[in-house]
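1. Can you look at this prediction? I've put the sequence above it.
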Amino acid sequence: MAVGRRRTGAGAHRSVETPLRRGAAVVAVTGGAFALVGAASPASSAALVDAPVVPAAQAPAPTDILAAQAVLAAAADGVRVRSAVEPVDPDPDVVDASDLVKAVQLAEQIIARIDAERAAAEERAAQQRAEAEARQRADAARAAVGGDCGIKTPGLGAVRSHVRTAAQFLGCRYGEPDMYGVAGRAGTSDHPGGLAVDFMVNRATGDSLANCALKNMDELGIKYVIWEQRINYGSGWSAMEDRGGVTANHFDHVHISFDASRGRGDLRGC
C-alpha cells in the first residue's frame, strides 16, 4: 500500500508511492505528511497494495489506530492490487555441445590416423622381415648351388644346365649322395634327354630330399618326384604299380624329373 505526499519546491506537493505489505500496517495522515502505525515495512512479497493519496485537509487527525483505520477505509474504494515482482520461469540450462562434438571428432580422427600409421609400420616391418628371410634362403641356396660344398657330379653326364644346378643344390644339402643323370632307360623316361636325376639315399635322407624338391618345384623347374613306389606331381603322393624290385620301385633312390625350361631360381629353404 502506498500513501503519502511530499512537498517539493514552493509549497508544491508530489505523490510518492511506497510499497507496503498489505494488512501489515495502518497509515495516519497529518498536516501533509504520513506516518506508519504498527509493524509496517517495505513490501517484498508478490502482493502489494497501491492506494490513492488522501489530502491532509480531508483526513481527520487520527489519535489512535482506530482513527487511522478509518482513514484507510475511506480510500478503500480505489484500492488496486498488483504484483510487485512478475514471475519469471527459470531459463532451462542450454549447453552448446558443438565444441565438444568437434573435439571428440578430432580426437577420433587422430586415433584413427595413429592406428593406420601403426598398422602400416607393422606391415612394412613384416614385409622387410620376409624379404630378409627370402634373401637369406636365396643366399644359402646360391651358395649350395654354386658348388661351395665341393660336390662331385661325374655321374650326371650331359644333363641340362638347370638340372645340374638343381642336382648340386639338393646334393649339397643332403649328404652329397651319388647322383645319376643321363642314362639309357627302357620305355618313356626323362633320363636319356638329360632331364632327370636319381639320388641314391637311405630312407630318412630320401624323405627330406623328396620333400625339399617338392617345396621348390617351380623354383627348380621340377615336373614330378618318385620315391618309394609313389609319384608326386605337386598335388600329393599317388601309389605306383609294382615294378618288381627295390631299385625299380625307387626304394633306394629319389627320382626327380625336370621340365625342359629352367625354373625361377629363387629357391626356398628346406
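-> On my side now, so go ahead. Residues are numbered from 1 along each chain as shown.

2. now the helices for this protein?
-> Along the chain, counting by DSSP state H, helices occupy 65-74, 98-145, 161-173, 203-215, 217-220.

3. out of the ones you listed, deepest packed?
-> Of all the helices of the chain, helix 161-173 carries the top mean neighbour count, a mean of 22, counting by mean count of other Cβ atoms under 10 Å. Where C-beta positions appear, they are placed from N, C-alpha and C, glycine not excepted.

4. ok so, going back, of the helices of the chain, which approaches H253 most closely?
-> The closest of the helices of the chain to H253 is helix 203-215. By Cβ to Cβ, the value is 7.5 Å.

5. counting contacts, what elements does the closest one pack onto?
-> Applying 3 or more Cβ pairs under 8 Å, 6 or more residues apart in numbering; DSSP states H and E, one finds that helix 203-215 contacts helix 161-173, strand 222-226, strand 253-258.

6. if you set the cut-off to 10 Å instead, what comes out?
-> The helices and strands touching helix 203-215, judged by 3 or more Cβ pairs under 10 Å, 6 or more residues apart in numbering; DSSP states H and E, are helix 161-173, strand 196-200, helix 217-220, strand 222-226, strand 230-232, strand 253-258.

7. ok, back up a step: okay if I get the helices of the chain as a markdown table plus distance to A248?
-> Shown next, in a markdown table, are the helices of the chain (distance: least, Cβ to Cβ, whole Å):
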| stretch | distance to A248 |
| --- | --- |
| helix 65-74 | 142 |
| helix 98-145 | 30 |
| helix 161-173 | 22 |
| helix 203-215 | 15 |
| helix 217-220 | 24 |
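
8. returning to what we had before: out of the helices and strands packed on helix 203-215, the one nearest V101 is which?
-> When the helices and strands packed on helix 203-215 are compared by Cβ to Cβ, helix 217-220 sits nearest V101, at 56.3 Å.

9. same for the closest one, what does it pack against?
-> helix 98-145, helix 161-173, helix 203-215, strand 222-226, strand 253-258.

10. What mean pLDDT does that helix get?
-> If you average the pLDDT over helix 217-220, you get 89.

11. what's the first-to-last distance across stretch 188-199?
-> One end of stretch 188-199 sits 19 Å from the other (Cα to Cα, to the nearest Å).

12. what residues go with each domain of the chain?
-> 6-83, 154-258 (automatic domain parsing).

13. tell me how far the ends of the last one are from each other?
-> Same thing as domain 154-258. Termini of domain 154-258 sit 19 Å apart (Cα to Cα).

14. all numbers from here: first residue = 45
-> All right, first residue 45 from here; so that's domain 198-302.

15. of all the helices of the chain, which lies closest to A304?
-> Closest approach to A304 among these is made by helix 205-217 (9.3 Å; Cβ to Cβ).

16. Tell me how far the closest residue to D234 other than its chain neighbours lies from A283.
-> Leaving aside its chain neighbours, D234 sits nearest to A240 (3.7 Å; criterion: Cβ to Cβ, 6 or more residues apart in numbering). Here the distance between A240 and A283 works out to 20 Å (Cβ to Cβ, to the nearest Å).

17. Which one's more surrounded, the two?
-> A240 (24 against 9; other Cβ atoms under 10 Å).

18. for the record, mean pLDDT for stretch 305-314?
-> Stretch 305-314 comes out at a mean pLDDT of 68.

19. just to revisit the earlier point, can you flag the weakest of the domains of the chain by average pLDDT?
-> Averaging pLDDT over each of the domains of the chain puts domain 50-127 lowest, since it has a mean of 47.

20. out of the helices and strands packed on helix 261-264, which comes closest to N276?
-> Closest to N276 of the helices and strands packed on helix 261-264 is strand 266-270 (Cβ to Cβ; 5.0 Å).
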